[in-house]
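J.: Curious how this folds, go ahead:
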Amino acid sequence: MTHPFPFSAIVGQDEMKRAMILTAIDPGIGGVLVFGDRGTGKSTSVRALAALLPPITAVAGCPCNSASRADCPDWAEIRDETLVEKPTPVVDLPLGATEDRVVGALDIERALTRGEKAFEPGLLARANRGYLYIDEVNLLEDHIVDLLLDVAVSGENVIEREGLSIRHKARFVLVGSGNPEEGELRPQLLDRFGLSVEVASPKDIDQRIEVIRRRDAYETDHDGFMAHWTGEDAALRTRILAARALLREVKASDDALRDCARLCVALGADGLRGELTLLRAARAYAAFAGANEVTREHLRAIAPSALRHRLRRDPLDEAGSGTRVERAVAEVLA
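T.: This next block holds a predicted model:
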């Protein structure tokens with residue numbers, strides 16, 4: 001079986017990789033949106049993330065990856081309390097998926113053969129405590145977007161139809177990728193992503209050569225390539241686990257809170273989700289760096305990812321949203 005391309009072996013795209021790492025440290029950040037050209041490693045990074053992440057402990061046989069028997073939904077009829085380690089779920093949500101496939105539906109086979117009403121869980125159940133990945137998220141059908149918005153707010157999937165009344169936890173990190181030339185994302189869903197990253201094809205010749213070299217080695221000398229980079233991924237996994245342990249100890253001073261608020265006011269960001277996400281992401285970044293307190297350096301590094309997708313459009317400013325954030329950071333956090 002061919003292993004996914006190692007996360008550590010991805011050349012460049014530092015902001016995208018950092019955003020993925022931060023959601024692994026603190027899933028409460030709210031997911032990652034990656035927009036950019038085709039062939040820039042968007043899908044590869046998500047696949048690589050699955051192999052990088054530490055395993056989770058879950059009840060054996062639970063379709064929702066519950067951490068304890070008490071968390072297992074009644075409809076799953078789980079009697080065994082045995083806990084097993086399993087890879088962190090990374091579930092694909094294809095564009096053509098039906099509503100039943102996403103949220104779950106009546107188990108037709110069981111209904112026909114046994115005459116029983118039973119629930120067949122969908123993709124949201126499988127993604128609980130993991131990642132839900134949507135490629136070309138800007139092309140997702142509106143009714144599926146509405147479903148995701150409801151679940152993202154509540155952390156629970158509720159199905160009330162066909163005589164079924166089903167609930168189960170559905171807490172996942174939403175990762176979306178897409179090409180902006182193929183359509184825009186609905187503002188309601190856009191706001192639900194904690195971090196937003198813009199990727200582009202590298203212009204540096206040496207960097208492009210290194211991309212080709214590593215991909216060629218992955219395909220022609222797979223075992224040797226994996227032997228080298230698996231160690232790099234293991235070291236990164238150790239850093240992520242250490243950051244998780246440190247996260248609760250990372251403090252944010254009143255000055256840091258004031259910086260977050262001043263930045264969002266200067267940019268005209270709607271609501272308070274910008275400040276909250278910026279602070280949370282900066283705290284995770286500080287933990288990843290081994291720091292005990294959020295500093296302006298952490299805020300500077302994270303601000304473009306946390307705020308660029310929350311800005312109102314300014315028809316008089318031709319600069320991109322990322323440039324506007326960097327300009328505000330330079331003024332406010334001078």
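J.: Would you mark the buried spots in the top helix by length along the chain?
T.: When the chain is scanned for its longest helix (criterion: DSSP state H), the result is helix 222-247. By neighbour count, and taking 16 or more other C-beta atoms under 10 Å as the criterion, the buried residues in helix 222-247 are Phe225, Met226, Trp229, Asp233, Leu236, Arg237, Ile240, Ala243, Arg244, Leu246, Leu247. Any C-beta I mention is one placed from the backbone N, CA and C, and that applies to glycine too.
J.: so can I have JSON lines of those showing pLDDT and distance to Leu33?
T.: JSON lines is the format used below for the buried residues of helix 222-247 (pLDDT from 0 to 100; distance: C-beta to C-beta, whole Å):
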{"residue": "Phe225", "pLDDT": "89", "distance to Leu33": "30"}
{"residue": "Met226", "pLDDT": "90", "distance to Leu33": "29"}
{"residue": "Trp229", "pLDDT": "89", "distance to Leu33": "26"}
{"residue": "Asp233", "pLDDT": "89", "distance to Leu33": "24"}
{"residue": "Leu236", "pLDDT": "91", "distance to Leu33": "22"}
{"residue": "Arg237", "pLDDT": "91", "distance to Leu33": "24"}
{"residue": "Ile240", "pLDDT": "93", "distance to Leu33": "21"}
{"residue": "Ala243", "pLDDT": "95", "distance to Leu33": "22"}
{"residue": "Arg244", "pLDDT": "93", "distance to Leu33": "23"}
{"residue": "Leu246", "pLDDT": "95", "distance to Leu33": "27"}
{"residue": "Leu247", "pLDDT": "93", "distance to Leu33": "23"}
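J.: Go ahead and report the secondary structure state at the residue nearest to Met16 when sequence neighbours are not counted.
T.: Sequence neighbours aside, Val197 is the residue nearest to Met16 in space, at 4.6 Å (criterion: C-beta to C-beta, 6 or more residues apart in numbering). Here Val197 is strand, with the state taken from DSSP: H, G, I helix; E, B strand; the rest coil.
J.: before we move on, the earlier item: what's in contact with the helix or strand following the longest helix of the chain?
T.: Next in sequence after helix 222-247, counting helices and strands by DSSP states H and E, comes helix 254-267. Helix 254-267 is contacted by residues 272, 274-275, 278-279, 282, 293-296, 299, 303, 307, 310-311, 324-325, 328-329, 331-333 when judged by C-beta atoms under 8 Å, 6 or more residues apart in numbering.
J.: okay, and for the stretch 101-250 of the chain, where does confidence drop off?
T.: 107-118, 162-163 (pLDDT under 70).
J.: What ranges does it have for its helices?
T.: Secondary structure of the stretch 101-250 of the chain, counting by DSSP state H, counting those that start in this stretch: helices at 108-114, 123-127, 142-154, 187-190, 205-220, 222-247.
J.: Now tell me what touches the fourth one from outside.
T.: Pointing back at helix 187-190 there. Leu33, Val137, Leu140, Val145, Leu148, Leu149, Ser196, His309.
J.: cool, stretch 178-185 as well?
T.: Counting by C-beta under 8 Å, 6+ apart, Leu33, Val34, Phe35, Gly36, Asp37, Arg38, Asp135, Glu136, Val137, Asn138, Leu139, Gly176 sit against stretch 178-185.
J.: So how do I select the buried members of these in PyMOL?
T.: In PyMOL, a selection of the buried entries from the contacts of stretch 178-185 looks like this (16+ other C-beta under 10 Å):
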select buried, resi 33+34+35+36+135+137+138+176
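J.: Buried residues of stretch 158-174, list them for me.
T.: Buried, per 16+ other C-beta under 10 Å, within stretch 158-174: Ile159, Ile166, His168, Lys169, Ala170, Arg171, Phe172, Val173, Leu174.
J.: Any chance of these in TSV with distance to His3 as columns?
T.: Formatted as TSV, the buried residues of stretch 158-174 follow (distance: C-beta to C-beta, whole Å):
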residue	distance to His3
Ile159	36
Ile166	36
His168	31
Lys169	30
Ala170	28
Arg171	27
Phe172	23
Val173	22
Leu174	25
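J.: and which of those residues is nearest Arg79?
T.: Within the buried residues of stretch 158-174, distances to Arg79 taken as C-beta to C-beta reach their minimum at His168, with 17.2 Å.
J.: Apart from its neighbours in sequence, what residue is nearest that closest one?
T.: Pro73 (4.4 Å).
J.: these two touch, right, the one you found and Ala170?
T.: No - with contacts counted by C-beta atoms under 8 Å, Pro73 stays clear of Ala170, the gap being 10.8 Å.
J.: Identify the contacts common to those two.
T.: By C-beta under 8 Å, 6+ apart, the residues touching both Pro73 and Ala170 are Cys64.
J.: Next one: the residue nearest to Thr88 when sequence neighbours are not counted from Ala286, what distance?
T.: Leaving aside its sequence neighbours, Thr88 sits nearest to Leu53 (C-beta to C-beta, 6+ apart; 4.0 Å). In this view, Leu53 and Ala286 are 20 Å apart by C-beta to C-beta, to the nearest Å.
J.: Please apply the same query to Pro121.
T.: Distance from Pro121 to Ala286, counting by C-beta to C-beta: 37 Å.
J.: more crowded one of those two?
T.: Ala286 (26 against 23; other C-beta atoms under 10 Å).
J.: hang on, the more buried one in a helix?
T.: Yes - the assignment for Ala286 (three-state DSSP) places it in a helix.
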